[in-house]
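Asker: generate coordinates for the sequence data below:
(chains A and B)
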Amino acid sequence: MQFGIFSVSDITTDPTTGHTPTEAERIKDIVTIAKHAEEVGLDVFALGEHHNEPFFSSSPTTTLAYIAAQTKTLQLSTATTLITTNDPVKIAEDFAMLQHLADGRVDLTLGRGNTGPVYPWFGKDIRAGIPLALENYALLNKLWREHTVDWQGKFRTPLQGFTSTPRPLDEVPPFVWHGSIRSPEIAEQAAYYGDGFFANHIFWPASHTQRMVQLYRQRFEHYGHGSADQAIVGLGGQVFMNKNSQDAVKQFRPYFDNAPVYGHGPTLEDFTRETPLTVGSPQQVIDRTLGFREYVGDYQRQLFLMDHAGLPLKMVLEQLDLLGSEVVPVLRKEFAALKPAHVPDAPTHASRVAARDSKKDEVNA
Amino acid sequence: MKPRKLVVISSGLSQPSSTRLLADQLSAAAVGAAARLGVNLDVQVIELRDLAHEITDNMLTGFAPAALKQSQEAVTAADALIVVTPVFSASYSGLFKSFIDVLDKDALVDKPVLLAATAGTARHSLVIEHALRPLFAYMRASILPTGVFAASDDWGANSVEGPLRGRIDRAAAELAREVERREPAVVTDPFALTSNFEDMLKNL
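Answerer: Predicted coordinates:
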């Protein structure tokens, strides 16, 4: 199982000091955070995409390439890449390029984006979110698998004899996860292609995630990619830790109370009960995280949101230390002991190249 | 007797409230009128005061906490609704509107709804027509012809058999007839797929 972190790249005032990092500061910090994720033994770093303030990450592949150059094992991913407002041709090119530079340590998570005003800036309409996600991905999928593409759709200029360059590394496209909070169409899309399904998980009650993952698993089996429990599932999570759980609550409360997404709403205690947020000791985080498996089944990737709501860099790095030293080693062992042998690990470039080659061998035999 | 579900939404804030009093009289009359048509109405009353915090949380987080979620599901599954709001600043109360705002946009489609309001003065008596009816028309509810407005005057001792009583009985009878002639409410599963992938791609 893969463990890692994901960032939404928000630039938020630290409510305890009043300090707002500059873009320059926050951008350098995210690189430090990603490198530290590898140092403490995490597997994945995923970065969001936004085209509006107060977020900086408009160009994730640039950032990820820079991080790739300074890391050795870290898998680089996104959370999410906007399949609606980006040109699928540019996504195909950018991520194939990143794949080459990062020696294959690349996958991506596609999402629609829920910020209404962003769509028209890119000539799109949020009301067509689902059709855009379906058509754009159909094209992206083709561009990575066919050398010369003729294509016509509803949302983009037609293509005649187009080749997306560079070609994917070893002719094996990056693995794709499809992210959605509550659109069954996206679970269906992930299942149809045999791609992964990533449930954001952190802002909504677990019952939502359970239903979406269940649907994805059923349809994955329906489309013949394997049994339902072999479908590839990723989950978000949100934690804040201190060895003493009361100190964790005390430290995190001002950040929670003023957080951009849920601040000034439910209490920390309410939100902890209603969503997967866990604020407490490393042991509490271990217990809660192991519990996710009870409603989504054996899954392949667990990402935590650690650097948001104005938390200062030092505190984020300390959180990563705790995650890497006290939480993830235990989770790795426990999850591995529970997982049946026929449930696959999260796909990597190496495993996908091997799978492709064994298929070739079958054909040749 | 056919079993059917009636949900009563009351957004009075005081205890006791004349809004809840009107809600209770309307639901008792509806139960009686339905029974005479062979329908057994199971009544659930939702006091919005109890949900006030959760309604605000839902607006800020985008999801309903547990108790509010149960109430939303009860509304969606109801065969009919009685909604009663006090008049605040010449319209329905903000809490009442906020609850409607956190319902699914299709939650009330074709659902029989009896509109009712209370106020301190008869000068607000058109509030049902200028505020509540447009709101529930927007929600595409099946609004009953009779709305019931009660001002302080209506609660006087000599009004037990007065015009308010008559309006309550007429509205209750309309509600009972609507429920009797309809099939039970069907709740659609928001996570259910309505078409397969090939069709979704074809029909972009």
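Asker: and the host helix or strand of B:D199, which residues are buried?
Answerer: Element membership of B:D199, judged by DSSP states H and E, is helix B:197-202. Taking 16 or more other C-beta atoms under 10 Å in any protein chain shown as the basis for neighbour counts, the residues of helix B:197-202 that come out buried are B:F197, B:M200, B:L201. Where C-beta positions appear, they are placed from N, C-alpha and C, glycine not excepted.
Asker: which non-adjacent residue is nearest the residue in chain B that chain A sits nearest to?
Answerer: Nearest residue of chain B to chain A: B:L60, at 3.4 Å (C-beta to the nearest C-beta). The spatially closest residue to B:L60, leaving aside those adjacent along the chain, is A:G265, at 3.4 Å (C-beta to C-beta, 6 or more residues apart in numbering or on different chains).
Asker: next up, the contacts around the one you found.
Answerer: For A:G265, the set of contacting residues under the criterion of C-beta atoms under 8 Å, 6 or more residues apart in numbering or on different chains consists of A:F271, B:T56, B:D57, B:M59, B:L60, B:T61.
Asker: could you do A:W144 as well?
Answerer: Residues in contact with A:W144 (C-beta under 8 Å, 6+ apart) are A:A92, A:A96, A:S164, A:P168, A:P173, A:P174.
Asker: for it, helix, strand, or coil?
Answerer: helix (DSSP: H, G, I helix; E, B strand; the rest coil).
Asker: for whichever residue of chain A sits closest to chain B, which three-state class applies?
Answerer: Taking C-beta to the nearest C-beta, chain B has its nearest neighbour within chain A at A:G265, 3.4 Å off. Here A:G265 is coil, with the state taken from three-state DSSP.
Asker: now it: phi and psi?
Answerer: Phi and psi for A:G265, reported as degrees, to the nearest 10, are phi -120, psi -120.
Asker: cool, and B:Q15?
Answerer: The phi and psi torsions at B:Q15 (degrees, to the nearest 10) take the values phi -140, psi 110.
Asker: what about it, how many residues nearby?
Answerer: 8 (other C-beta atoms under 10 Å in any protein chain shown).
Asker: wait, doesn't A:A346 sit right on A:L235?
Answerer: No - checked against C-beta atoms under 8 Å, the pair A:A346 and A:L235 is beyond contact range at 11.7 Å.
Asker: and the residue most central in space within chain B, how far from B:L37?
Answerer: A centroid search over chain B (C-alpha atoms, centre = their mean) returns B:V83, at 3.1 Å, as the residue closest to the centre. B:V83 sits 22 Å away from B:L37, taking C-beta to C-beta, to the nearest Å as the criterion.
Asker: excluding covalently adjacent residues, which one is nearest to residue 204?
Answerer: Went with chain A since none was named. Leaving out its chain neighbours, the residue that sits closest to A:W204 by C-beta to C-beta, 6+ apart is B:F63, at 5.1 Å.
Asker: nope, chain B
Answerer: Spatially, and ignoring its direct neighbours in sequence, B:L204 is nearest to A:P131 (4.4 Å; C-beta to C-beta, 6+ apart).
Asker: now the element after the host helix or strand of that neighbour, going C-ward?
Answerer: Per DSSP H and E, A:P131 falls inside helix A:129-145. Proceeding C-terminally, helix A:129-145 gives way to strand A:149-151 as the next helix or strand, assigned by DSSP H and E.
Asker: can you name every helix or strand that that next one contacts?
Answerer: On a contact count with 3 or more C-beta pairs under 8 Å, 6 or more residues apart in numbering or on different chains; DSSP states H and E, strand A:149-151 meets helix A:129-145, strand A:159-162.
Asker: so what's B:P65 up against?
Answerer: Listed by C-beta under 8 Å, 6+ apart, the contact set of B:P65 reads A:P266, A:D270, A:E274, B:E54, B:D57, B:N58.
Asker: near chain B, which residues of the stretch 251-365 of chain A?
Answerer: Remark: the part of the stretch 251-365 of chain A in contact with chain B comprises A:V261, A:Y262, A:G263, A:H264, A:G265, A:P266, A:D270, A:F271, A:E274, using C-beta under 8 Å from any C-beta of the partner chain.
Asker: ok, 10 Å please
Answerer: Proximity of the stretch 251-365 of chain A to chain B, by C-beta under 10 Å from any C-beta of the partner chain, involves residues A:V261, A:Y262, A:G263, A:H264, A:G265, A:P266, A:T267, A:D270, A:F271, A:R273, A:E274, A:T275.
Asker: pLDDT added to those residues, as CSV?
Answerer: Converted to CSV, those look like this (pLDDT from 0 to 100):
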residue, pLDDT
A:V261, 83
A:Y262, 86
A:G263, 90
A:H264, 93
A:G265, 92
A:P266, 95
A:T267, 96
A:D270, 94
A:F271, 95
A:R273, 94
A:E274, 92
A:T275, 94
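Asker: what comes up buried for stretch A:45-58?
Answerer: By neighbour count on 16+ other C-beta under 10 Å, the buried set for stretch A:45-58 is A:F45, A:A46, A:L47, A:G48, A:E49, A:H50, A:H51, A:F55, A:F56, A:S57.
Asker: next one: stretch B:106-120
Answerer: The neighbour-count check on stretch B:106-120 (16+ other C-beta under 10 Å) flags B:A107, B:L108, B:K111, B:P112, B:V113, B:L114, B:L115, B:A116, B:A117, B:T118, B:A119 as buried.
Asker: flag the shaky bits of the stretch 51-200 of chain A, pLDDT-wise.
Answerer: Segments of the stretch 51-200 of chain A classed as low confidence (criterion: pLDDT under 70) are not present in this model.
Asker: helices of that one, start to end?
Answerer: Along the stretch 51-200 of chain A, the stretches classed as helices by DSSP state H, counting those that start in this stretch are A:60-69, A:88-101, A:118-121, A:129-145, A:184-193.
Asker: same check on chain B?
Answerer: Remark: helices of chain B, listed N- to C-terminal, are B:18-36, B:48-61, B:66-77, B:94-101, B:127, B:133-138, B:163-181, B:197-202; assignment by DSSP state H.
Asker: residue ranges with poor pLDDT in chain B?
Answerer: When residues are selected by pLDDT under 70, those of chain B lie in B:157-160.
Asker: enumerate the residues of it near chain A.
Answerer: Counting by C-beta under 10 Å from any C-beta, the positions of chain B adjacent to chain A are B:53-54, B:56-66, B:69, B:189-198, B:200-201, B:203-204.
Asker: PyMOL command for the buried members of the residues you listed?
Answerer: To isolate the buried members of these in PyMOL, using 16+ other C-beta under 10 Å:
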select buried, chain B and resi 54+56+57+58+61+62+63+64+65+69+191+193+197+200+201
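Asker: let me see the contact set for residue 198.
Answerer: I'll assume chain A. For A:F198, the residues meeting the contact criterion (C-beta atoms under 10 Å, 6 or more residues apart in numbering or on different chains) are A:6, A:46, A:77-80, A:109-111, A:176-180, A:186, A:190, A:213, A:216, A:232-236, A:299-301, A:303.
Asker: chain B was what I was after
Answerer: Under the criterion of C-beta under 10 Å, 6+ apart, the contact partners of B:E198 comprise A:Y192.
Asker: next one: it from B:D57, what distance?
Answerer: 40 Å.
Asker: which strands or helices does the helix or strand that contains A:L331 pack on?
Answerer: Per DSSP H and E: A:L331 is located in helix A:328-338. Counting contacts by 3 or more C-beta pairs under 10 Å, 6 or more residues apart in numbering or on different chains; DSSP states H and E, the secondary-structure elements packed against helix A:328-338 are strand A:2-7, helix A:282-296, strand A:301-305.
Asker: now do the second one: which elements does it pack against?
Answerer: It stands for helix A:282-296. strand A:196-199, helix A:206-222, strand A:233-241, helix A:245-257, strand A:278-280, strand A:301-305, helix A:328-338.
Asker: give me that answer again for 7 Å
Answerer: Other elements packing on helix A:282-296 under the criterion 3 or more C-beta pairs under 7 Å, 6 or more residues apart in numbering or on different chains; DSSP states H and E are helix A:206-222, strand A:233-241, strand A:278-280, helix A:328-338.
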